[in-house]
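**Q** need a 3D model of the following:
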Amino acid sequence: MSLQPDHRYAELCLTGRGLACVRGGRRVFHGVSFSVEGGHALALRGPNGVGKSSLLRLIAGLVRMDAGTLELAGGAPDVPLGEQAHYLGHLDALKPSLSVIENLGFWATFLSGREAAREDLEAALDAVGIGDLASLPARYLSAGQRRRLALARLAAARRPVWMLDEPTSALDADGQRLLFALVGAHLSCGGIVVVATHVDLPFATTVLALEAMR
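**A** Next comes the predicted model:
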């Protein structure tokens, strides 16, 4: 598995219209609309608490949508959007007793629905610069290495829509360059990225500014 795309997605377009989310009896956001086409990345900006993470999780099917519609044109028509999206949040979700490659294999199989070939797993680890740690138990990884292993799931599981929540967190400059390369390869083969961020990201082509509810 190379960072160079070896496949292309169909012409995709992810559209949200009038989206609303209520959590714990509090309206997090409402009336949110956007559209992002394949090959493009949408950055969600705004202060803490405006619902950037909640919007990502809503798109990924992890949070209930209280109003509005979501559509992925060009995606698999009989597959829920949540199963065509990969959500990368703040938690690395690793089993400490499993090795690096075993952790990646578990998630790659879970996300793709098929057992991943070892060479694909090794290539994904190489893509994020931790190929030499494949046999190391995950409990010994640093915060930055754990984050790189989480990023490797993006390379190992082929899903057309990526939901990234503050993806540069805990990454050093080299790790950020690897992240940007992964995202660039995904976009170049027609994928879609929606990212919540407090910083400017070179791959973001459109910005959606969320405002605090009054």
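**Q** residue contacts, Phe203?
**A** Residues in contact with Phe203, defined by Cβ atoms under 8 Å, 6 or more residues apart in numbering, are Ala41, Phe180, Val183, Gly184, Leu187, Val193. Quick note: C-beta positions are derived from backbone N, CA and C, even for glycine.
**Q** most surrounded residue in these?
**A** Using other Cβ atoms under 10 Å as the neighbour test, the contacts of Phe203 are led by Val193, with 26 neighbours.
**Q** state the distance from the nearest residue to Val36 once chain neighbours are set aside to Ser169.
**A** Nearest non-adjacent residue to Val36, counting by Cβ to Cβ, 6 or more residues apart in numbering: Leu42, 4.3 Å away. Per Cβ to Cβ, to the nearest Å, Leu42 is found 19 Å from Ser169.
**Q** mind listing what's buried in the one helix or strand Ala181 maps to?
**A** Using DSSP states H and E, Ala181 falls within helix 173-188. Neighbour-count burial for helix 173-188 flags Gly175, Leu178, Leu179, Ala181, Leu182, Val183, Ala185, His186, Leu187 (criterion: 16 or more other Cβ atoms under 10 Å).
**Q** now stretch 49-66
**A** By neighbour count on 16+ other Cβ under 10 Å, the buried set for stretch 49-66 is 50-61, 63, 65.
**Q** distance between the ends of it?
**A** End-to-end span of stretch 49-66 (Cα to Cα, to the nearest Å): 18 Å.
**Q** wait, Val207 sits on Ala43?
**A** Yes: between Val207 and Ala43 there is a contact at 4.9 Å, judged by Cβ atoms under 8 Å.
**Q** who's more crowded, these two?
**A** The neighbour count for Val207 versus Ala43, taken as other Cβ under 10 Å, is higher for Ala43 (21 against 14).
**Q** next up, the contacts around Leu56.
**A** Leu44, Tyr87, Gly89, Met163, Leu164, Asp165, Val194, Ala196.
**Q** which of those residues fall within strands?
**A** Judged by DSSP state E, strands contain the following of the contacts of Leu56: Leu44, Tyr87, Met163, Leu164, Asp165, Val194, Ala196.
**Q** now the second one: closest residue in space, sequence neighbours ignored.
**A** Put plainly, it is Tyr87. Ala60 (3.9 Å).
**Q** what distance do you get for the one you found to Leu141?
**A** 25 Å.
**Q** now do Gly16
**A** Gly16 sits at a distance of 35 Å from Leu141 (criterion: Cβ to Cβ).
**Q** where's Leu208 relative to Ala41, distance?
**A** Applying Cβ to Cβ to Leu208 and Ala41 gives a distance of 11 Å.
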